[in-house]
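Trainee: Below is the sequence, then the predicted model.
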Number of protein chains: 2
Amino acid sequence: VKEIIVNTGRQKYPIIIEPHGLSQIGYFLRKNCLSRSAAIITDETVGELYSSRLMKSLDDAGIRTHLITIPDGEASKALEYTNSLYTALIETNLCRDDCIIALGGGVVGDLAGFTSATYLRGIAFIQITTSLLAQVDSSVGGKVGINHPLGKNLIGSFYQPKYVLIDPELLLTLAEREIWAGLGEVAKYGFIIGERFFGILEKNLEKLASLSDIYQVSEMIAACCQYKATIVRKDEKESGERRILNLGHTLGHALEAVTKYEYFKHGEAVIYGIHWAIWVSYKKQYLNESEVNKMTSFLRRFPIPSLPDIENTKCLLSKMNRDKKQTGNGLYIVLLKGFGKIQIEKVDDVSVYIEEWLDSIQ
Amino acid sequence: VKEIIVNTGRQKYPIIIEPHGLSQIGYFLRKNCLSRSAAIITDETVGELYSSRLMKSLDDAGIRTHLITIPDGEASKALEYTNSLYTALIETNLCRDDCIIALGGGVVGDLAGFTSATYLRGIAFIQITTSLLAQVDSSVGGKVGINHPLGKNLIGSFYQPKYVLIDPELLLTLAEREIWAGLGEVAKYGFIIGERFFGILEKNLEKLASLSDIYQVSEMIAACCQYKATIVRKDEKESGERRILNLGHTLGHALEAVTKYEYFKHGEAVIYGIHWAIWVSYKKQYLNESEVNKMTSFLRRFPIPSLPDIENTKCLLSKMNRDKKQTGNGLYIVLLKGFGKIQIEKVDDVSVYIEEWLDSIQ
C-alpha cells in the first residue's frame, strides 16, 4: 500500500495506491464515517467488470448503494447527463452527508466530480480511477468538469475528492492502446520530474506497458501522483506553478480538437505536444542536440498513430488560442531547458514554429 | 459609504453600501485591475432600469461590456438558462481574467453566481444587488445555485464574489410588496441579532418600508450584512453556526413549496416561519408570554397575505424534510430563547406543533 496525501491548504485527502484495493473501500468509508449511503457512478464497460465487487464491499460495510450507469465515451461529459444524474440523485434521496463514488476513467471522474461539486452545493466525492491516464492525472488536483458543444472542459470547477483509490490491478482489463496513451501522460512527468525518473521510464517502458510487474507499475503511478500533489499544494487554481503540468498540452489539445477527438487518445496527442515543445526549446537553444536526441528517441518508442495531414495550421493555432489556460494576448508555452528544468514562456511566432516542426517530421 | 469585509478564511471581499454607487463600479474595477472585459447578466425589468447606467460606468473605465438579459422570475434559475449563459460567454470569448457582473435580485445573483462558479472552472464574480432581500441575504455568504424540477436550489455551490455593491437608491423602483418581503428577512435578523437592533426595527418599521430615509435604510442593510458576515466567517459551508440564519426558513420554505411558489414572496413565508418558531419556543417554555406578545405584535404589522388553508399538514411536513439542510433523521428547528438567543434543536413531534399552531391562528 502506498498513501499519498494531497494538501491544497484548504483541504487534505489521501490517495491510496493498492493492488486489490477495490474490495476494501467499504471498510475505509465506514472507518471514516464518510457516509451511510453512496451513489456509484460508472460507465457500461467498467460497471460490468467491477461494479459488483465494489457494491459487495460497500454492502459488507453496511452502506446502501445506488448504481448509476452512463454510456461509455466522452459524449457523456455533457450537461444533459449532469442533469439526469441530478434527477437520479434526488430520486434516491441522496443527502448532504452521503457520498458519490466515481468508478471509472477520466470521463466518469470528471462528470461525477462535477455532479458532486454542484449537487446540494457539494457532497463528498470518492474517486476510484480505473484507467492509467486517470490514475496519474485526474486523481490529483480536483479538476472536474464537462464539455460544452463549443469546447472541451469549458464548464467545471475545482473540487477536491475526500478519498482516491488507485487499484493498479484494474488496469489489466484495459486495451493496450489505452495503456500506451496513459504512458504518454506518464512520459510528461518523466520530462518534468527529472533525469532519475526519466531513466526508469526509459529503461522499462515496454515492460511497464505490458503490466507484467504490477508493483513496478504502482511505483510509477505513485511517483506521478506524488509529484502532481506537490505542485497542486503550491497552486491549486492553476495560476502559476501548476502550469508546468501543461507540458505538451497546448498543442496536444489543439491536435485533438482539429481531429475532432476521434483520431487521437489524449495521451497520444500529448506525446506530439511534448515533441513540439522539445523542438521549440531546441530552436531557442534551451536544449542541445544530445538532449534532444535522447528525448525524441524515447518518444519514438510509443506506438501511436502517425500525425495526420494538417492542411491548415491557422486552424490549429486558433484552437491553441482557445485553450482556457491562455489569459489575454500571446501564447504561453511550457518549454524545457533540460530534464526537470521547465521554462514557461510567451511565444509570439507560434505559427512559424508549428510549420517548421510539421515540415521536419512529415 | 459603508464597507463591510466578508472573510471566509479562504477568501475575502468587500461589500460596499453606497447610495448612488452604481455609477462608480467601473472606477472600482479598474482600480483593482479586476478585468478588461465584463459580461453583465441582468433580467428584463432591472436591465431596462439600470443597465445603461452600469454600462456607461464600465465604458468610462475602459472595460468592454457584454449585456446578457434573462427573463424575469424564478423560472430563469434553471439549467437550460445556465447553458445559454455558457454559450453566450464562450461566444463573446470571455476569458479567465475577465468577470461576470450580476445586476439584479436573488434570481439573477444565484444564476449568474452559479455560472461564474462553473464557467472555465470559476471566473471573477461581481454582484450588484437590486432587491432588498438580495441586499440583506444573498450579498453575503456565497450561496449560488439553480433549481431542479424536483426542488428549489438543489444544484449549486459555495462561491464567493470578488465585490458586492449595494446601492440602496436602486430600491426606489421596487414594488411596495417586494420591500415588505425584504423586510421579512430583515425581521429575522432583528430576532437573531438582539434587542437593540430589534428595537430600531420595531420603532421604525413603516418608515423603513417607505424608504423615506435612504441613510437609515443603508444602516439597516449594513447591520444585517455585518451580522451575516460574522456568521459566515465562522461557518462558510453551513455545517454549524450558519444554521442560525435558518430561523423561520424550514417552515417558510415548506409553505412556499406547498403553495407552488406562487402565493408567497420568500420573505412573507419567512414571517410565518418565524411566527411558528416563536410558537414552538413558547410551548417549550423557552419564551415567556410577554416576550411572545412583543414578538408577535411586531410580526403582525407586516402587510402579508393571510395563510391559505393547509388541508394536508403531512405534505407540509414532507417538504420540511426535503430541506437539504436536514441531514439524516429528525428535524432540526431554529428556536428562540429570547432576543438574540438562539437554540437549534432536534424536534420530533413537528406535526403536532404545526397542527396546533395552525389551529391557533386560523
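Mentor: Yep, it's here. No experiment lies behind these values; they were computed from the predicted model shown.

Trainee: Can you name the residues of the stretch 101-250 of chain A that neighbour chain B?
Mentor: By C-beta under 8 Å from any C-beta of the partner chain, the part of the stretch 101-250 of chain A that sits against chain B consists of A:114, A:117-122, A:143, A:145, A:148-151, A:154-158, A:237. Where C-beta positions appear, they are placed from N, C-alpha and C, glycine not excepted.

Trainee: Tell me what the residue in the stretch 151-300 of chain A positioned nearest to chain B is bridged to.
Mentor: Using C-beta to the nearest C-beta, the single residue of the stretch 151-300 of chain A nearest to chain B is residue A:156, 4.7 Å away. Applying DSSP bridges to residue A:156 yields these beta-bridge partners: residue A:145.

Trainee: pretty sure residue A:127 is touching residue A:164, no?
Mentor: Yes: using C-beta atoms under 8 Å as the test, residue A:127 is close enough to residue A:164 to be in contact (4.6 Å).

Trainee: any residues in contact with both of these two?
Mentor: residue A:139 (C-beta atoms under 8 Å, 6 or more residues apart in numbering or on different chains).

Trainee: Would you mind measuring from the residue of the stretch 151-300 of chain A closest to chain B to residue A:149?
Mentor: Per C-beta to C-beta, to the nearest Å, residue A:156 is found 15 Å from residue A:149.

Trainee: what's the answer for residue A:352, then?
Mentor: From residue A:352 over to residue A:149 the distance is 32 Å, taken as C-beta to C-beta.

Trainee: With adjacent residues omitted, what lies nearest to residue A:162?
Mentor: Nearest in space to residue A:162, with sequence neighbours left out and distances taken as C-beta to C-beta, 6 or more residues apart in numbering or on different chains, is residue A:124 at 4.8 Å.

Trainee: dump the residue contacts of the one you found.
Mentor: A:34-35, A:97-100, A:116, A:162.

Trainee: Can you point out the buried residues in whichever strand or helix holds residue A:191?
Mentor: According to DSSP states H and E, residue A:191 maps onto helix A:176-193. Within helix A:176-193, the residues that qualify as buried are A:178-193, counting by 16 or more other C-beta atoms under 10 Å in any protein chain shown.

Trainee: before we move on, the earlier item: so which of the contacts of residue A:124 belong to strands?
Mentor: Among those, the members found in strands (DSSP state E) are A:99-100.

Trainee: Of the contacts of residue A:124, just say which sits nearest to residue B:88.
Mentor: Using C-beta to C-beta, residue A:116 comes nearest to residue B:88 of those, at 26.5 Å.

Trainee: who touches the closest one in this structure?
Mentor: A:99-100, A:122-125, A:144, A:159, A:161.

Trainee: Roughly how far does it sit from residue A:126?
Mentor: Separation of residue A:116 from residue A:126 (C-beta to C-beta): 9 Å.

Trainee: Repeat that for residue A:358.
Mentor: Counting by C-beta to C-beta, the gap from residue A:358 to residue A:126 is 43 Å.

Trainee: Among those two, which residue is more densely surrounded?
Mentor: Remark: of residue A:358 and residue A:126, residue A:126 carries more neighbours, 24 against 16, as counted by other C-beta atoms under 10 Å in any protein chain shown.
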